[in-house]
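In: Have a look at this prediction, sequence included:
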Amino acid sequence: MALRLVVAAVFLMLVATTAAPKNRRGSCYPRLFSFGDLLIDTGNFIHYSKAPGSVSRSPYVKRLGFPYWPAYLQAKSPATKDDFRYGANFAVASGTALNQLLFQKKHLDVSGITPYSLGIQIGWFKKVLSAIASTKEEQKEVMVKSLFLLGEIGANDYNHPFFQNKTLGWVKPLVPRVIRSIGLSIEVPTSSDGSKSKADEYKNHFL
C-alpha cells in the first residue's frame, strides 16, 4: 500500500506540471478532471466513509506550488464555478468500473464496494461542467482547455469477487464488461452529442 501511495504521489506531481495554472511557466491546461480509484483519490472516500485519516495526495502537489484540485464530495453544495476553477477530482478509493447493481445481481456482498463507480463519477463531471459553464459553447471551451486523467480503474472489479472467494472462472467474464465500461466513460465527456468529430477533438486531452 505504501509503495502504491508513493507512486501515486509522483504521478500526480507529474500531471500537475502539465495541468498547472496559466501563470506558471510551462503550463498547458488550467483545469484537471480526474477519475479512478484509490491511486488518485484526493478525499472522496474519506468524505463518503467518514473513515479516519486521509488518502489525499494533494499536499505533495501543493508543496510544489500548484493548486489544490478539490475532491468532488468535499465541495460545498450547491457547487459554484469558483469551487472548480482548477478542475475536480472524482476518483474514489475502492471504486469500480462496473456499477454496484451488477455485483448485487451476481449475489456478491456489496457492503465493502463503494457505490461510486466510474459511471457515477462521469455523472458528477457532467454536473460540474454545467456548474462552471451554462451554455454548450462555454462547455466546449472548458473541454478544449482541460486535461482529463482516467487513472487506475477496473482492478477492484476483480478484487472484490476474489476477496469473496470467487474463482477465476467466475471473474473472467467481467473483463470485457470492464473494458467496455472504461471505453464508454471516455466517450461520454468527450462527445456529449455523440459525434465522432467532437470525440476526436478532445482525444489528446486524456491521460
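Out: Here it is on my side, so go on.
In: quick one, strands of this protein?
Out: 31-35, 87-89, 146-150 (DSSP state E).
In: residue boundaries of the helices in the protein?
Out: Under the criterion DSSP state H, helices of the chain are mapped to 2-18, 44-49, 58-63, 100-105, 118-132, 136-144, 155-163, 168-171, 174-190, 196-202.
In: so where is the chain shaky, pLDDT-wise?
Out: 1-27, 47-68, 76-79, 188-207 (pLDDT under 70).
In: who's in contact with stretch 106-117?
Out: Applying Cβ atoms under 8 Å, 6 or more residues apart in numbering, the contact partners of stretch 106-117 are 44-45, 48, 92-100, 103-104, 156, 160-161, 163-164, 166. Where C-beta positions appear, they are placed from N, C-alpha and C, glycine not excepted.
In: Of these, just the buried ones, PyMOL syntax please.
Out: Typed into PyMOL, the line below selects the buried ones among those, using 16 or more other Cβ atoms under 10 Å:
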select buried, resi 44+45+48+92+93+94+95+96+97+98+99+100+103+156+160+161
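In: re earlier: please work out which of the strands of the chain is packed deepest.
Out: strand 87-89 (a mean of 28; mean count of other Cβ atoms under 10 Å).
In: who does it touch, helix- and strand-wise?
Out: If you count contacts as 3 or more Cβ pairs under 8 Å, 6 or more residues apart in numbering; DSSP states H and E, strand 87-89 packs onto strand 31-35, helix 118-132.
In: rerun at 10 Å
Out: Packing partners of strand 87-89 (3 or more Cβ pairs under 10 Å, 6 or more residues apart in numbering; DSSP states H and E): strand 31-35, helix 118-132, strand 146-150.
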